[in-house]
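Visitor: Sequence and predicted model, in that order:
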2 protein chains.
Amino acid sequence: MSAPIVHGGGITEAAARFGGRFEEWLDLSTGINPRPATLPDVPQQAWHRLPDRLTVDRAREAAASHYATNGVQPLPVPGTQSVIQLLPRLVAAGRRVAVFGPTYGEYTRVLLAAGFAVDQVERAEDLTPDHGLAVLVNPNNPTGRAFAPGHILEIAGLMKANGGVLVVDEAFGDLQPELSVAGRVGENDNLIVFRSFGKFFGLAGLRLGFVVANDAVLDGFREWLGPWAVSGPALVISTALMAGDTGVIAAGILERRAGLDAVLDHAGLKRIGGTGLFVLVEHAEAGALHRQLCEARILTRKFDYAPRWLRIGLAPDADGDLRLAEALRSVAMRPSGAI
Amino acid sequence: MSAPIVHGGGITEAAARFGGRFEEWLDLSTGINPRPATLPDVPQQAWHRLPDRLTVDRAREAAASHYATNGVQPLPVPGTQSVIQLLPRLVAAGRRVAVFGPTYGEYTRVLLAAGFAVDQVERAEDLTPDHGLAVLVNPNNPTGRAFAPGHILEIAGLMKANGGVLVVDEAFGDLQPELSVAGRVGENDNLIVFRSFGKFFGLAGLRLGFVVANDAVLDGFREWLGPWAVSGPALVISTALMAGDTGVIAAGILERRAGLDAVLDHAGLKRIGGTGLFVLVEHAEAGALHRQLCEARILTRKFDYAPRWLRIGLAPDADGDLRLAEALRSVAMRPSGAI
């Protein structure tokens, strides 16, 4: 059994190591909108009954519109993770997997655990006919690297020529709709797009994502997940919020992102990438900086494979920005080499 | 791909066929408590954040106590269905599966779809050394047939002698704790118990169940489902409700069940089984009776494999009982043979 990856959201663990009550911590370790959308009323029936087809169909309609899928009805799933777990079923035994990386670690973890050889690739030229599945996170987590849709469709074509599939994870794509290929699935039958509901709407606890793909792929995922995989509240909440003013949510995120940028720039930290929901910073001693911030009860995200990187998410408000600024100033004032 | 089974909860489909607005229907087709437990406050963090280990651990503690597992910490899963989907992974290729039946159809459907030969068995004596997995729903749905714990442990022993596993689904077990083997898992390492949260608490839309089993089995399910499989609201709601007064909930169910019994007895219908949450009725023309009740906007559950059976769930209140009584009286007053 492969060890779970240390993900964002580990305040409990951080507090156990560095002290402080849970509520005292400022969690900048995730890529989740820190200002959750206001929850719509959830009718009692959504809690009480098994979600019926009408409820599911409404959620699919709303997602088709929100993700601009050109008529493809996305399949709701209980979080993107639930379908990452199923990716091994899409690859014939003996074929290799290509993951454009470095990126979100769960793809490689799950596919390795299922016995596949996984190659981390950088460019389309790195793909070979052995690859039965390629995974591309766009924009990428944590680097923010973005592939243009035209290039992604070229990659899909390369994969198709060898009977392979391309998964594009657009978990952080809500703020850059111009990058999305969710509307191109209809004409690219080996293209599968994953969308995350919880990050943009700030409701990661709900466990909801959508898959945009051809009918055969969606039938497969539906069969493997089984009936009623997504909770009733998740379906009705997403239906309502996607029909609401998502521009206000986007503006709120960008305002928070501007606040974070100002703090980082003021502290002299070098921003080397990011998306609307996080910034990637390069620092000679990122591990020590991570630890110092933990001592100030601020959790960020470090990377074993990239010891100079630190990913920093959005604070919920200007007070959070100031707290980060203050902590960074304290770090900077220590004698050289002390962090 | 195997066709999905027609389950309870199909008011949308019934209304499309028989007419009437969704809200006009009385849904007696499920085994879900029609009076949902009052929802506790769900803290915003449960919606916002990925469920962390502390939240999961608290839910496990509460479930260990509620299900009296003798210290085994049950694994929360997004509905029993999610682990039924994974049962094929517990059986070596080439071995057969035994399902004590007739029973809930998803076990056979999922295992057949995965390529296993499935034998419907009635008694422990029907098990053979070929069986790598046996499934027993206790008390059974829809018959209400109950196996005593001692007998179940004998069956577990038989299965173990041949390297097999016994799954006991106690989805309808909350009202008959004396039947449960959830407390015997520690000393029977090939015994796996499934518990359903939504039926007893009336919150099926939440998608929550628990698996009680040895650590290796739980590690497997956790690995296959992946991290954050259960929503944050489901975890905090179950934690709170399991710590609350479950006796009041049980009493409410039994009161509703008594109301249903009175209606059925008054109508001269023959009760041949059931659990606290539903009654199984035998009737010479159960299919016609089902249809007549649909015309009165009352949905019950019929069974293709048993044309004389009708499963009738609990109405939410005495008005519902009276409505069922009225519909049954209309049916009885038709000329003989008219239904």
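Guide: It's in.
Visitor: following the longest helix along chain A, which helix or strand shows up next?
Guide: Ranked by residue count under DSSP state H, the longest helix found in chain A is helix A:246-266. Along the chain past helix A:246-266, the next helix or strand (assigned with DSSP states H and E) turns out to be strand A:270-275.
Visitor: Could you give me the buried positions within that following strand?
Guide: Under the neighbour-count criterion of 16 or more other Cβ atoms under 10 Å in any protein chain shown, strand A:270-275 has A:Gly273, A:Gly274, A:Thr275 buried. The C-beta positions use only the backbone N, C-alpha and C, and glycine is treated the same way.
Visitor: In the stretch 201-339 of chain A, where is pLDDT below threshold?
Guide: Using pLDDT under 70 as the threshold, the predicted model of the stretch 201-339 of chain A has low-confidence ranges A:333-339.
Visitor: Please list the residues of the stretch 151-300 of chain A that sit near chain B.
Guide: Contacts of the stretch 151-300 of chain A with chain B, taken as Cβ under 8 Å from any Cβ of the partner chain, map to A:198, A:202-207, A:219-220, A:223-234.
Visitor: Can you turn the buried part of those into a PyMOL selection?
Guide: The PyMOL selection below is limited to those of these classed as buried (16+ other Cβ under 10 Å):
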select buried, chain A and resi 198+202+203+204+205+206+207+220+223+224+225+226+227+228+229+230+231+232+233+234
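Visitor: Mind checking which of the residues of the stretch 151-300 of chain A next to chain B are in strands?
Guide: When these are checked against strands (DSSP state E), there are no matches.
Visitor: Out of the residues of the stretch 151-300 of chain A next to chain B, which sit inside helices?
Guide: Using DSSP H, the members of those that fall in helices are A:Gly198, A:Asp219, A:Gly220, A:Glu223, A:Trp224, A:Leu225, A:Gly232, A:Pro233, A:Ala234.
Visitor: Now do the contacts for the spatially closest residue to the first one that is not a sequence neighbour.
Guide: Distances taken as Cβ to Cβ, 6 or more residues apart in numbering or on different chains put A:Ala204 closest to A:Gly198, at 3.5 Å, once the chain neighbours are dropped. Counting by Cβ atoms under 8 Å, 6 or more residues apart in numbering or on different chains, A:Ala204 makes contact with A:Gly9, A:Thr30, A:Ile32, A:Gly198, B:His48, B:Arg49, B:Leu50, B:Trp228.
Visitor: Could you measure from the third one over to A:Leu314?
Guide: Translated: A:Ile32. Summarising the geometry, the distance separating A:Ile32 from A:Leu314, computed by Cβ to Cβ, to the nearest Å, is 8 Å.
Visitor: again with the fifth one
Guide: In this structure, B:His48 lies at 12 Å from A:Leu314, with Cβ to Cβ as the measure.
Visitor: same check, this time on the second one
Guide: Using Cβ to Cβ, one gets 9 Å for the distance from A:Thr30 to A:Leu314.
Visitor: Find the residues that touch each one of those two.
Guide: A:Phe278.
Visitor: Could I get the full set of helices for chain A?
Guide: Per DSSP H, chain A carries helices over the ranges A:11-18, A:44-48, A:53-66, A:80-84, A:106-113, A:149-161, A:198-201, A:215-225, A:232-242, A:246-266, A:286-295, A:318-333.
Visitor: Give me whichever of these is most buried.
Guide: helix A:198-201 (a mean of 26; mean count of other Cβ atoms under 10 Å in any protein chain shown).
Visitor: any idea how far that one is from the chain center?
Guide: In terms of Cα atoms, centre = their mean, to the nearest Å, the centre of helix A:198-201 is set 9 Å apart from its chain centre.
Visitor: and it, what does it pack onto?
Guide: helix A:246-266 (3 or more Cβ pairs under 8 Å, 6 or more residues apart in numbering or on different chains; DSSP states H and E).
Visitor: Please work out which residues outside the helix it packs on touch it.
Guide: When contacts are defined by Cβ under 8 Å, 6+ apart, helix A:246-266 is touched by residues A:33-35, A:37, A:66, A:174-175, A:200-202, A:271, A:276-277, A:279, A:281, A:312, A:314-316, A:318, A:321, A:324-325, A:328.
Visitor: Pull the contacting residues for the spatially most central residue of chain A.
Guide: Nearest residue to the geometric centre of chain A (Cα atoms, centre = their mean): A:Ala171, 4.0 Å. With contacts defined as Cβ under 8 Å, 6+ apart, A:Ala171 is in contact with A:Gly31, A:Thr80, A:Tyr104, A:Val137, A:Asn141, A:Phe194, A:Arg195, A:Ser196, A:Lys199, A:Gly209.
Visitor: And A:Asn162, how far from chain B?
Guide: The spacing between A:Asn162 and chain B, counted by Cβ to the nearest Cβ, to the nearest Å, is 26 Å.
Visitor: Nearest residue to that residue in space, please, no chain neighbours.
Guide: With Cβ to Cβ, 6+ apart as the measure, A:Pro129 is the residue that lies nearest to A:Asn162, at 4.4 Å, once sequence neighbours are left out.
Visitor: for A:Pro34, same thing?
Guide: Here the nearest residue to A:Pro34 in space, its sequence neighbours aside, is A:Pro316; by Cβ to Cβ, 6+ apart that works out to 3.9 Å.
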